[in-house]
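Trainee: Provide a 3D model corresponding to the input given below.
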Amino acid sequence: MKKYLFSAILAAGISAVGLAQGLQRDVQYWRPYDQRGTNIFETGKQDTVAFEGVKVRVGGHFAQQLQNLSHENKATPVISNGVNVNQLIEIGAGSNLATANLNIDVEVMDGVRLNLITYLSSRHHQETWVKGGYLQFDKLPFLGNPEWFSKYLTLRVGHMEINYGDAHFRRTDNGNAMYNPFVGNYIMDAFTTEVGGDLTFQNNGFILVAGVTGGEIQGGITRPKDRALSWIGKVGYDKQLSDDLRLRVTGSIYTTSSSARNTLYGGDRAGSRYYLVMENTLATTNAQFTSGRINPGQTDNITATVINPFLKFKGLELFGNFETSKGRASNETKDRTWNQFGADLVYRFGMNENFYVAGRYNQVKGKLAGSGLDVTLDRTQIGGGWFISKNILAKVEYVVQNYDGFAANDIRNGGKFNGLMIEGVIGF
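Mentor: Got it, this is the predicted structure:
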């Protein structure tokens, strides 16, 4: 906690200095951390900010929730050391730990930007730790700024959030809940950070992405026979067809033949928003930090594909997520398949679309490791939000999630949680 307080004070001090010196300017080829970043996916190729030498931009994200959820199950008692590990912990109304990110962007050269994000406080780790950092090249000034690169290509290298699918552009990332119209992310949360690079081509709405990484959240040099590269690809089209109509459709793939511990669906070390749902009486908020999600456990080899349509007509938005993941863990001999469907409907209104109402349906089906049971989870979220300013967002959400097909001795058997979430977000 002392580390967290020190880091928070330090971040506030740095931000104050940055504001005083006029460092809170936009930077080149960058996604704003406030409301303006909503519905931005890959950063574009428009050079809208002049390079004036090395510049440092310090920003942050802060989020706080009030939670009032209840849960239930029908699992048979399982006694271990005198404790029924299938008895759900008692939960009710209260506040969750505030989460915070420190965002640093540096214009190193014309068209070359460094991004570094640090989690000051998160559900899983209360201490400060680095999410990742990367260099983004939209120009090559050290090679004479060839026009073919500056007009069409973006190169990223480092330890970074991989560009698989489009849902990761809309999800909550610890303290950064500014882009997510809901409080929670998808049940099967495709998000991880890996060491590698990707090259993006953009021209007249067409998008091509090719990437390669070490395939693991931290990388490593041991067990070389168990490790293989991960390959990432995306093809899509994103075009403002008229003043009122925007269409984006992408298809993505992530694949690796072997891994010591792949984390495509387990890479979020910050934690979920629904604290302690479907957890037993021994659970803690930081140890059981993925409450409400499910990880297919395909940690050895995996091939995942997803199609993401996005349509915006005036204030009405529709975002879809059609996903299939096939693979297995190292102790399994047969692949297992998981399927996920998600649909977000959002209507934004008011001046600068500063109000919105939203609904989401999310369903996941797959075969559990070990038992081989086919299970289904489904979640419905209904809510809305108010951008009090471009930097301040207030959200409210009602959520209900159901668990079906789990074994009688599994704590998730007959499981359900539901209730109200309220969240406040600051981003700058």
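Trainee: So which other helices or strands are in contact with the helix or strand where residue 59 lies?
Mentor: Residue 59 belongs to strand 55-72 when elements are defined using DSSP states H and E. When contacts are defined as 3 or more C-beta pairs under 8 Å, 6 or more residues apart in numbering; DSSP states H and E, strand 55-72 sits against helix 2-20, strand 93-95, strand 99-109, strand 416-427. Heads up, the C-betas are built off the backbone N, CA and C, glycines and all.
Trainee: Any buried residues in the shortest one, and which?
Mentor: Right, strand 93-95. Neighbour counts over strand 93-95 (16 or more other C-beta atoms under 10 Å) mark no residue as buried.
Trainee: and that strand, which strands flank it?
Mentor: Sheet pairing for strand 93-95, assigned by DSSP bridges, gives strand 55-72 (antiparallel).
Trainee: measure the residue lying farthest from the centre of the chain to residue 403 for me?
Mentor: Distance from the C-alpha centroid of the chain, by C-alpha atoms, centre = their mean, peaks at residue 82 (38.5 Å). Residue 82 sits 26 Å away from residue 403 when distances are taken as C-beta to C-beta, to the nearest Å.
Trainee: can you check residue 341 too?
Mentor: 16 Å.
Trainee: neighbour-wise, which of those two wins?
Mentor: residue 403 (23 against 15; other C-beta atoms under 10 Å).
Trainee: Give me the neighbour count for the closest residue to that one other than its chain neighbours.
Mentor: Excluding the flanking residues, the one nearest residue 403 by C-beta to C-beta, 6 or more residues apart in numbering is residue 415, at 3.5 Å. Per other C-beta under 10 Å, the neighbour tally for residue 415 reads 21.
Trainee: Repeat that for the one 3 residues further on.
Mentor: Using other C-beta under 10 Å, residue 418 is surrounded by 16 other residues.
Trainee: Between the helices and strands packed on strand 55-72, which has the poorest mean confidence score?
Mentor: Averaged per stretch, pLDDT over the helices and strands packed on strand 55-72 is lowest on helix 2-20, reaching a mean of 43.
Trainee: the helices in the stretch 51-200 of the chain, which residues?
Mentor: 147-152 (DSSP state H, counting those that start in this stretch).
Trainee: which regions of it sit below the pLDDT cut-off?
Mentor: By pLDDT under 70, the stretch 51-200 of the chain has no low-scoring segment.
Trainee: quick one, strands of it?
Mentor: Counting by DSSP state E, counting those that start in this stretch, the stretch 51-200 of the chain has strands at residues 55-72, 79-80, 83-84, 93-95, 99-109, 112-121, 129-137, 153-161, 193-203.
Trainee: Packing partners of the fifth one?
Mentor: It stands for strand 99-109. Partner elements for strand 99-109 (3+ C-beta pairs under 8 Å, 6+ apart): helix 2-20, strand 55-72, strand 112-121.
Trainee: What are the boundaries of the helices in the stretch 201-350 of the chain?
Mentor: Under DSSP H, counting those that start in this stretch, the stretch 201-350 of the chain gives no helices.
Trainee: coming back round to it: what's the separation between the residue farthest from the centre of the chain and residue 245?
Mentor: Residue 82 is 63 Å from residue 245, by C-beta to C-beta.
Trainee: related to what we said a few turns ago, minimum distance to residue 172: which of the strands of the stretch 51-200 of the chain has it?
Mentor: Closest to residue 172 of those, according to C-beta to C-beta: strand 55-72, at 7.5 Å.
Trainee: Pull out the buried positions in that closest one.
Mentor: Buried residues in strand 55-72 (16+ other C-beta under 10 Å): 55, 57-65, 67, 69, 71.
Trainee: Can you lay out these as CSV showing distance to residue 231?
Mentor: Formatted as CSV, the buried residues of strand 55-72 follow (distance: C-beta to C-beta, whole Å):
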residue, distance to residue 231
55, 35
57, 32
58, 35
59, 32
60, 34
61, 31
62, 36
63, 33
64, 39
65, 37
67, 39
69, 39
71, 39
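Trainee: Of those residues, which is the nearest to residue 225?
Mentor: For the buried residues of strand 55-72, the nearest to residue 225 is residue 61 (40.3 Å; C-beta to C-beta).
Trainee: is it true that the closest one touches residue 178?
Mentor: Yes. If you go by C-beta atoms under 8 Å, residue 61 and residue 178 touch, sitting 6.6 Å apart.
Trainee: Name the residues contacting each of these two.
Mentor: 33, 425, 427 (C-beta atoms under 8 Å, 6 or more residues apart in numbering).
Trainee: gap between the spatially closest residue to residue 158 that is not a sequence neighbour and residue 27?
Mentor: Spatial nearest neighbour of residue 158, chain neighbours left out: residue 134 (2.9 Å); criterion: C-beta to C-beta, 6+ apart. Counting by C-beta to C-beta, the gap from residue 134 to residue 27 is 14 Å.
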